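Novice: need a structure here:
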Amino acid sequence: MTAGHSHARPAPESARLRRIAVLVIAPIAVLTIAAMVWLWPSGDVAGAEELAGEQVDGRIVSIEAQPCEEELTEDTNGCGTAQVRLDSGPEEGRTIEVDLPNGSGAPTIADGDAVVVLVSDTPEGDLYSVVDHQRGSEMWVLVLVSVLALLAFGRWRGLSAVGGLVVTFGILLWFIVPAILAGESPVLVALVGSAAIMVSVLYLTHGLTLATTVAVLGTTASFALTGLLAAVSVAALHLTGVTDDLSMAVGSTYDVDMRGLLLAGIVIGTLGVLDDITVTQAATVDELARANPDYGTLQLYRAATRVGRAHIASVVNTIILAYAGSSLPVLVLVVADNGSLAEVLTDQFLAQEIVRSLVGTLGLIAAVPITTGLAAVALRRPQEEVSAARA
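Specialist: As a prediction, the model looks like this:
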């Protein structure tokens, strides 16, 4: 038998492992689909109500600046009015007059700017105010540039990665968030949605291979451990999930379980890094098995684990910096308002971010030995195949 014929027919062990992998993955996929159908939002949002009014598009026609009668505490545009032409909504085409926006976070406006106008219903009639800039066109340009760069570098693999992003955003925006708003358990919704993202995106991005199946199994096991650790940590530290005005508004307005939403955020955030670790470990074992056909299970495990240690060391820092960067304004306030280091570290907001980082780190650490062990068993080349290839 020639080497070419030996590759045409898979070894008995490989075929058996593939069948086992399918038997394990199939129930996960079926249960995920069934759970999504059961939890799928009906369209009714718990506690939904008109809070701030309607937002419409507009464009600054002219600005009439005036001297301020008194000093403004946060002067963004000065005093005066602006003429704004409404480009959408029931009064499209009408030009209205608004006061120049000032205060924390107010947009700095100029003639010709495309802006967002808030229409509030008051006893005296409609009240108009400029609350933001329109930035849809700029966002689409940035998205297009990113997609083109990904396609140019990754080619077909880049195209599959774009497809994976579309699936992820679709599940987040059409299932996870609406289901939570409809009153379902945030933790349950996050687990089901994350499982759907994991199975569909990993296979879409990396193909229907045994290495991908190993990565899915490793992600599932590590994911379950991460969820358990998150639940225990949040309960032990008495975290409520309410740390600022935004979280308080979400909880009170839409009747969302904020502790559950905190757990859901930890679970979803960790998944994004877990699949990176598991795919890398499975691919590393696969390449080592191809490059060194004589390697046994233990040798593959040890070699790939050394790669995993280096990967973990860099990813852990990435997690902490990502959480710190997204929460930097509130972090500044927490540090400024508390005197001692002990008070700062035990403040609920900072404790919440520390739990996110540490639980995610523990999940990543567990993912390396779990995925590497599964990959070393499943991807090791059988001795008969090695001997046939040499012949």
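Novice: how far does stretch 307-319 sit from the chain's center?
Specialist: How far stretch 307-319 lies from its chain's middle: 19 Å, per C-alpha atoms, centre = their mean, to the nearest Å.
Novice: how about stretch 297-314?
Specialist: Taking mean C-alpha positions (C-alpha atoms, centre = their mean), stretch 297-314 and its chain are 26 Å apart.
Novice: so where's this structure shaky on pLDDT?
Specialist: Counting by pLDDT under 70, the ranges of the chain that qualify are 1-18, 43-52, 323, 326-327, 330-331, 333-335, 337-345, 381-391.
Novice: which strand is the longest one in it?
Specialist: Assignment by DSSP state E gives strand 54-66 as the longest strand of the chain.
Novice: so what strands line up beside that one?
Specialist: strand 79-86 (antiparallel), strand 114-122 (antiparallel) (DSSP bridges).
Novice: let me know which of those is tucked in deepest.
Specialist: Of these, the one with the most neighbours on average (mean count of other C-beta atoms under 10 Å) is strand 79-86, at a mean of 18. Every residue, glycine included, has its C-beta placed from N, CA and C.
Novice: mind listing residues that contact that strand?
Specialist: If you take C-beta atoms under 8 Å, 6 or more residues apart in numbering as the criterion, strand 79-86 is touched by 56-69, 72, 92-100, 109, 115, 117, 128, 130.
Novice: now, of those residues, which are buried?
Specialist: 56-60, 63, 96, 98, 100, 109, 115, 117, 128, 130 (16 or more other C-beta atoms under 10 Å).
Novice: and those, which is closest to residue 23?
Specialist: Nearest to residue 23 among the buried ones among the contacts of strand 79-86: residue 57, at 53.6 Å, using C-beta to C-beta.
Novice: which residues does the closest one bridge with?
Specialist: residue 116.
Novice: pretty sure it contacts residue 113?
Specialist: No: contact status for residue 57 versus residue 113: not in contact, 11.5 Å apart, counting by C-beta atoms under 8 Å.
Novice: tabulate the buried ones among the contacts of strand 79-86 (a markdown table), appending distance to residue 231.
Specialist: Formatted as a markdown table, these follow (distance: C-beta to C-beta, whole Å):
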| residue | distance to residue 231 |
| --- | --- |
| 56 | 43 |
| 57 | 43 |
| 58 | 46 |
| 59 | 50 |
| 60 | 50 |
| 63 | 54 |
| 96 | 51 |
| 98 | 48 |
| 100 | 49 |
| 109 | 47 |
| 115 | 44 |
| 117 | 44 |
| 128 | 47 |
| 130 | 44 |
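Novice: out of those, the closest to residue 378 would be?
Specialist: For these, the nearest to residue 378 is residue 57 (54.4 Å; C-beta to C-beta).
Novice: for that closest one, what are its contacts?
Specialist: 86, 87, 88, 89, 114, 115, 116, 117, 134.
Novice: quick check, residue 321 in a helix?
Specialist: Yes: assignment of residue 321 by DSSP: H, G, I helix; E, B strand; the rest coil places it within a helix.
Novice: so who does it touch?
Specialist: Neighbours of residue 321 in contact, by C-beta under 8 Å, 6+ apart: none.
Novice: try residue 298
Specialist: Contacts of residue 298 (C-beta under 8 Å, 6+ apart): residue 376.
Novice: let's number from 28 now, not from 1
Specialist: Got it, the first residue is 28 from now on, which makes the last one we talked about residue 325.
Novice: what about it, distance to residue 186?
Specialist: 38 Å (C-beta to C-beta, to the nearest Å).
Novice: in the protein, which residue is most central in space?
Specialist: The centre of the chain sits closest to residue 296, judged by C-alpha atoms, centre = their mean, with a distance of 5.4 Å.
Novice: name the SS class of that one, please.
Specialist: helix.
Novice: so residue 210 makes contact with residue 216?
Specialist: No: using C-beta under 8 Å, residue 210 is not in contact with residue 216; the gap is 10.2 Å.
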